[in-house]
Each structure stands twice: as structure tokens, then as C-alpha cells.
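S.K.: coordinates only, no sequence provided:
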């Protein structure tokens with residue numbers, strides 16, 4: 001795969017074609033689930049985050065897994081949502097940072113692979129065409145106009161397997177690709193590629209203003225956090241505050257990772273991450289020890 005750069009226009013064109021490659025209908029319309037079972041029903045009330053333990057090697061997650069930044073190069077920026085997406089549910093992103101001189105930008109789509117079962121170290125550098133050609137993933141390139149800083153965009157899949165996207169500043173929704181099997185759970189996938197440097201996952205129900213104005217921009221402190229290699233202080237939650245584990249969303253947070261101090265996981269999931277990679281899902285710092293405690297009580 002060549003570098004994305006001023007001389008890569010031809011390559012970018014070929015990527016666009018590869019990204020909308022459609023998997024033959026015979027390949028998995030139902031993966032590991034009865035065709036009348038939709039696990040998305042279990043997650044209808046859960047807040048959407050980026051998946052805290054499965055993402056590309058150049059990605060760093062911040063702000064409770066709702067901000068993702070690619071720290072180097074122009075690739076290895078694949079990220080997934082924390083839970084499956086409902087049909088017609090809009091995934092809403094804000095472009096926080098743009099970086100030159102790369103050509104090409106954000107790729108979005110859906111996958112029927114559960115991110116929790118994916119080995120992050122084996123993720124390819126590109127969603128398009130690499131991950132798409134592996135099967136069970138459908139993604140495409142967004143137009144360059146969607147890559148400008150402060151752009152708010154949405155994408156979703158309908159009951160016919162068509163993926164649409166739209167911009168807050170736009171006037172109509174646009175068909176991005178089609179042919180996505182919808183009988184199995186689907187996680188949204190985002191590739192922070194090329195000139196797209198950082199994105200924020202927004203809750204569309206919390207957008208304010210008549211025109212759907214997004215939440216206020218990151219504060220100077222939050223911007224500084226985007227460049228912090230790891231947390232070295234424990235930021236405890238307020239007394240009496242309980243939150244679900246950001247990996248399973250089924251149990252309360254009950255584990256404290258050392259030395260980084262992140263505490264957004266239940267003890268069971270923390271142990272799984274420790275055995276699997278040994279790296280904190282939020283800052284990628286090496287986990288040396290895990291304390292079990294019920295936080296905020």
C-alpha cells in the first residue's frame with residue numbers, strides 16, 4: 001500500500017472502488033446466531049462509545065472512549081463502536097482535527113464481527129480495502145468535504161441493508177453503499193484515515209440548538225489530554241457515582257488499573273484485558289497490577 005500524499009490521487013481513486021466492493025450474497029447473512037435473533041435488542045438503552053479494547057495501533061482514546069485520535073502516520077486508525085447499532089440508528093461524528101498533507105479521509109461502515117472477539121494486533125492498516133476484503137465488513141470512503149474540522153456527520157444502515165450518510169450542514173442524505181446483511185448484529189466501524197486526525201462520537205439525542213448544534217468544543221484541558229501519552233494520576237469518580245463497565249456494560253466498575261489509574265472496567269473484563277494484551281484499553285499503558293474495589297461507594 002503506497003503513501004497517501006499529494007501524488008496519491010490515482011491510488012485514492014482505486015481505494016474508492018475497493019471500498020464499495022460488495023460481498024457475494026452467499027457469504028454469511030447470519031453469523032453464529034439464529035436468523036430470528038437480533039442481539040441489538042439487548043442494548044437499546046446503552047450509551048454509544050468507541051470500543052475500549054479493539055482499535056488500530058495508532059489510535060488513542062480519550063473522554064470516556066468518545067474521542068479517538070490517530071497519533072502518527074495516515075493509517076492504522078480503525079475503530080469500532082462499543083455495541084451493535086440498531087437499524088436506522090444514526091452514528092454521529094464530529095471531525096475534531098484535520099492534518100495535511102495526506103490525501104483521502106474518513107471511511108465508515110459496518111461489520112458483523114464482534115470487536116471483543118477481534119485480536120487488535122491483527123487489524124489491517126486500512127479498512128478499505130483490507131478489512132472489507134476479509135469479509136463481514138462493509139465500508140466506503142466519505143467525500144473530502146466531510147473531513148473539514150467541526151463538521152458533524154451521521155451514517156446509518158436501514159432495514160434493506162443500505163448505508164446512508166448526511167452532514168449537519170448538508171441538505172439531503174446520500175446513499176453510500178448497499179448490500180449489508182441486516183439479520184445479524186452490526187457494529188459501526190470508522191477508519192480515521194488520511195487527513196482526518198481526530199473524531200468525536202456524539203450523542204444525537206443531546207445535540208442542542210434548533211439547528212442541531214453539537215455540544216461545546218473540547219476545553220483547553222481536554223485538548224491537552226489528546227496529547228498525553230498516558231495518565232499517571234488516578235481521577236476517582238464522585239462519591240456515590242456508579243457507572244457500568246465500558247467493555248461489557250453489564251456490571252458496575254470495580255477495577256483500578258495500575259499504574260495508569262484508569263477505572264472504567266469491571267474486574268472480570270479488566271482481567272480479560274490483562275491476560276489478552278496487558279495494555280490499558282484507554283491509554284495503552286502497560287498494566288502492572290489490578291486492584292479490585294467498588295468505586296464511588
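M.R.: Sure thing, it's come through. These numbers come from a predicted model, not from an experiment.
S.K.: can you tell me the closest non-neighbouring residue to residue 204?
M.R.: Distances taken as Cβ to Cβ, 6 or more residues apart in numbering place residue 92 nearest to residue 204, at 4.6 Å, with adjacent residues excluded. No exception for glycine: its C-beta is placed from N, CA and C like everyone else's.
S.K.: secondary structure element for the one you found?
M.R.: Using DSSP states H and E, residue 92 maps to strand 91-98.
S.K.: which strands and helices sit next to that strand?
M.R.: Secondary-structure packing of strand 91-98 (3 or more Cβ pairs under 8 Å, 6 or more residues apart in numbering; DSSP states H and E): strand 67-70, strand 152-157, strand 196-202.
S.K.: could I get the full set of strands for the stretch 101-250 of the chain?
M.R.: Along the stretch 101-250 of the chain, counting by DSSP state E, counting those that start in this stretch, strands occupy 107-111, 137-141, 152-157, 163-167, 174-177, 187-191, 196-202.
S.K.: what would those strands look like in CSV with mean neighbour count, distance to residue 269 and mean pLDDT?
M.R.: Formatted as CSV, the entries for these read as follows, by neighbours: other Cβ atoms under 10 Å; distance: least, Cβ to Cβ, whole Å; pLDDT from 0 to 100:
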stretch, mean neighbour count, distance to residue 269, mean pLDDT
strand 107-111, 26, 21, 97
strand 137-141, 25, 24, 95
strand 152-157, 23, 27, 95
strand 163-167, 20, 30, 93
strand 174-177, 18, 33, 93
strand 187-191, 27, 17, 98
strand 196-202, 24, 20, 94
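S.K.: for those, give me CSV that also has distance to residue 130.
M.R.: Converted to CSV, the strands of the stretch 101-250 of the chain look like this (distance: least, Cβ to Cβ, whole Å):
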stretch, distance to residue 130
strand 107-111, 11
strand 137-141, 9
strand 152-157, 20
strand 163-167, 19
strand 174-177, 16
strand 187-191, 10
strand 196-202, 17
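S.K.: which among the ones you listed is found nearest to residue 272?
M.R.: Closest to residue 272 of the strands of the stretch 101-250 of the chain, according to Cβ to Cβ: strand 187-191, at 18.3 Å.
S.K.: on that earlier part again, dump the helices and strands packed on strand 91-98 into a markdown table; add distance to residue 252 as well.
M.R.: Converted to a markdown table, those look like this (distance: least, Cβ to Cβ, whole Å):
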| stretch | distance to residue 252 |
| --- | --- |
| strand 67-70 | 23 |
| strand 152-157 | 31 |
| strand 196-202 | 22 |
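S.K.: between those, which one is closest to residue 48.
M.R.: Across these, residue 48 has its closest neighbour in strand 196-202 (6.3 Å, Cβ to Cβ).
S.K.: partners of the closest one, with directions?
M.R.: Within its sheet, strand 196-202 is paired with strand 67-70 (antiparallel), strand 91-98 (antiparallel), according to DSSP bridges.
S.K.: now the last one and strand 163-167, what's the angle there?
M.R.: Read it as strand 91-98. Here strand 91-98 runs at an angle of 50 degrees relative to strand 163-167 (axes from the mean of the first three to the mean of the last three Cα atoms, to 10 degrees).
S.K.: okay, angle between strand 91-98 and strand 107-111 too, please.
M.R.: Going by the same axes, to 10 degrees, strand 91-98 makes 150 degrees with strand 107-111.
S.K.: list of residues touching strand 91-98?
M.R.: 48, 67, 69, 81, 85, 106, 108, 146-156, 188, 190, 195-204, 207, 214, 218 (Cβ atoms under 8 Å, 6 or more residues apart in numbering).
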